[in-house]
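Peer 1: Structure here, sequence nowhere to be found:
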């Protein structure tokens with residue numbers, strides 16, 4: 001199967017490319033503006049036999065040219081931004097996926113499937129656990145951050161544009177994704193604090209998704225026509241707490257805590273949140289204050305059988321990788 005991956009040099013995209021390459025032909029699309037920052041990734045892709053297309057702008061005409069050249073069976077959109085202006089977030093999370101489907105339709109790829117990687121951030125957060133809404137993204141105006149709204153807008157655009165061309169799609173909303181190549185600041189900060197003997201001993205519980213599970217589910221979804229034209233949360237059904245994550249870290253580092261920061265810290269966060277200007281950071285703090293962020297995956301599990309990895313083992317493998325990476329730099 002020929003798979004076209006957009007956003008292939010990012011954390012999720014890179015794992016998709018490397019893990020699916022064993023069984024499929026992969027075409028990686030790379031912006032020329034990011035080549036200098038992703039040179040190591042491009043070299044590895046080349047060594048692995050990935051077909052690489054370097055382009056300057058992901059415009060409609062260029063996308064149609066590439067689709068006509070390769071006639072991919074699957075297009076996976078793994079692009080994403082955590083922060084930025086509304087115009088930047090809207091371009092990446094909404095305008096680009098809409099443009100990709102437009103290019104598919106105009107290129108005659110109506111028998112191909114479009115896989116869109118979104119986020120549980122597009123879901124309404126008022127319920128506990130967080131579940132897929134009955135009316136897809138009708139809550140968009142109540143979302144708290146530009147990030148969340150742009151994610152939801154992207155899903156709406158995917159649904160509407162795909163429907164207009166008769167193109168099959170699947171929208172996946174992963175929770176917090178953990179695994180190799182993830183260098184998000186929260187995990188690096190947690191590791192650095194642990195190195196200094198500071199243990200974040202907060203009983204905040206949440207769901208993650210192992211990157212290997214996410215890629216495996218993406219591959220399964222491609223073959224399951226009964227899952228098409230819908231959206232699904234993707235997360236491990238077993239939650240984990242920050243306390244358990246830091247326990248794993250101290251065990252790996254073979255250290256004992258010198259200082260513990262416990263649940264009383266959450267009281268301070270209730271005050272500090274009013275001084276946080278960035279809406280993504282503020283949403284994250286508000287989530288911590290609630291002490292839990294549990295995502296239901298009943299919708300997906302009712303249709304797709306999958307044995308999820310234990311979150312403790314996921315964090316053990318991930319921090320082992322992150323520690324070895326820091327030591328090699």
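Peer 2: Noted; the coordinates are in hand. Source: prediction; values computed, not measured. Residues are numbered from 1 along each chain as shown.

Peer 1: Contacts for the helix or strand residue 246 falls within, please.
Peer 2: Here residue 246 sits within helix 242-253, counting by DSSP states H and E. With CB atoms under 8 Å, 6 or more residues apart in numbering as the test, helix 242-253 has contacts from 190-191, 194-195, 199-204, 206, 256-257, 312, 315-316, 319-320, 323. (Glycine included, C-beta is placed from N, CA and C.)

Peer 1: now do the same end-to-end measure for stretch 117-134.
Peer 2: End-to-end distance of stretch 117-134: 20 Å, with CA to CA, to the nearest Å as the criterion.

Peer 1: I'd like the distance between residue 32 and residue 51.
Peer 2: According to CB to CB, to the nearest Å, residue 32 stands 16 Å off from residue 51.

Peer 1: neighbour count winner among the two?
Peer 2: In this view residue 32 and residue 51 are compared by other CB atoms under 10 Å, and residue 51 has more residues nearby, 15 against 10.

Peer 1: Give me the spatial nearest neighbour of residue 112, chain neighbours excluded.
Peer 2: Distances taken as CB to CB, 6 or more residues apart in numbering put residue 73 closest to residue 112, at 5.5 Å, once the chain neighbours are dropped.

Peer 1: For that neighbour, give me phi and psi.
Peer 2: phi -80, psi -30 (degrees, to the nearest 10).

Peer 1: Run through the stretch 151-300 of the chain and note the low-pLDDT ranges.
Peer 2: Scanning the stretch 151-300 of the chain with the threshold set as pLDDT under 70 gives 263, 265-290.

Peer 1: Just the strands from the stretch 201-329 of the chain, written as ranges.
Peer 2: In the stretch 201-329 of the chain, the strands defined using DSSP state E, counting those that start in this stretch lie at 205-206, 208-210, 230-234, 240-241, 259-261, 292-293.

Peer 1: Residue 179: which of these is closest?
Peer 2: Of all the strands of the stretch 201-329 of the chain, strand 208-210 sits nearest to residue 179, with 5.9 Å by CB to CB.

Peer 1: Now do the helices in the stretch 101-250 of the chain.
Peer 2: For the stretch 101-250 of the chain, helices defined by DSSP state H, counting those that start in this stretch occupy the ranges 146-165, 185-195, 211-223, 242-253.

Peer 1: got the contact list for residue 88?
Peer 2: Residues near residue 88 by CB under 8 Å, 6+ apart: residue 81.

Peer 1: follow-up on the earlier one: list only those of the contacts of helix 242-253 flagged as buried.
Peer 2: Burial of these was assessed by neighbour count (16 or more other CB atoms under 10 Å); the buried members are 190-191, 194, 199-202, 204, 206, 315-316, 319.

Peer 1: Next, format those residues as CSV and append distance to residue 168.
Peer 2: Below are the buried ones among the contacts of helix 242-253 laid out as CSV (distance: CB to CB, whole Å):
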residue, distance to residue 168
190, 40
191, 41
194, 45
199, 48
200, 43
201, 47
202, 42
204, 38
206, 32
315, 35
316, 37
319, 38
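
Peer 1: So which of those is the closest to residue 171?
Peer 2: Closest to residue 171, out of all of these and judged by CB to CB, is residue 206, at 21.4 Å.

Peer 1: Return the distance of that closest one relative to residue 176.
Peer 2: On the measure of CB to CB, residue 206 and residue 176 end up 7 Å apart.

Peer 1: Tell me how many other residues surround residue 135.
Peer 2: Other residues close to residue 135 by other CB under 10 Å number 6.

Peer 1: any idea how far it lies from residue 99?
Peer 2: Taking CB to CB, one finds residue 135 at 26 Å from residue 99.

Peer 1: Residue 314 and residue 37, how far apart?
Peer 2: Using CB to CB, we find residue 314 at a distance of 27 Å from residue 37.

Peer 1: Looking at these two, which has the bigger crowd around it?
Peer 2: Between residue 314 and residue 37, residue 314 has the larger neighbour count (other CB under 10 Å), namely 24 against 10.

Peer 1: now the more buried one, nearest residue through space, not along the chain?
Peer 2: In this structure, residue 314 finds its nearest non-sequential neighbour in residue 210, 4.3 Å apart by CB to CB, 6+ apart.

Peer 1: Kindly state the beta-bridge partners for the one you found.
Peer 2: residue 178 (DSSP bridges).

Peer 1: Give the full set of residues in contact with it.
Peer 2: With contact taken as CB under 8 Å, 6+ apart, residue 210 is in contact with 177-179, 236, 308-309, 311, 314.

Peer 1: now the residues you listed in CSV, with distance to residue 15?
Peer 2: Shown next, in CSV, are the contacts of residue 210 (distance: CB to CB, whole Å):
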residue, distance to residue 15
177, 9
178, 11
179, 6
236, 16
308, 16
309, 14
311, 17
314, 13
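
Peer 1: Just the buried subset of these, please.
Peer 2: The buried subset of the contacts of residue 210 - by 16+ other CB under 10 Å - is 177-179, 236, 308-309, 311, 314.
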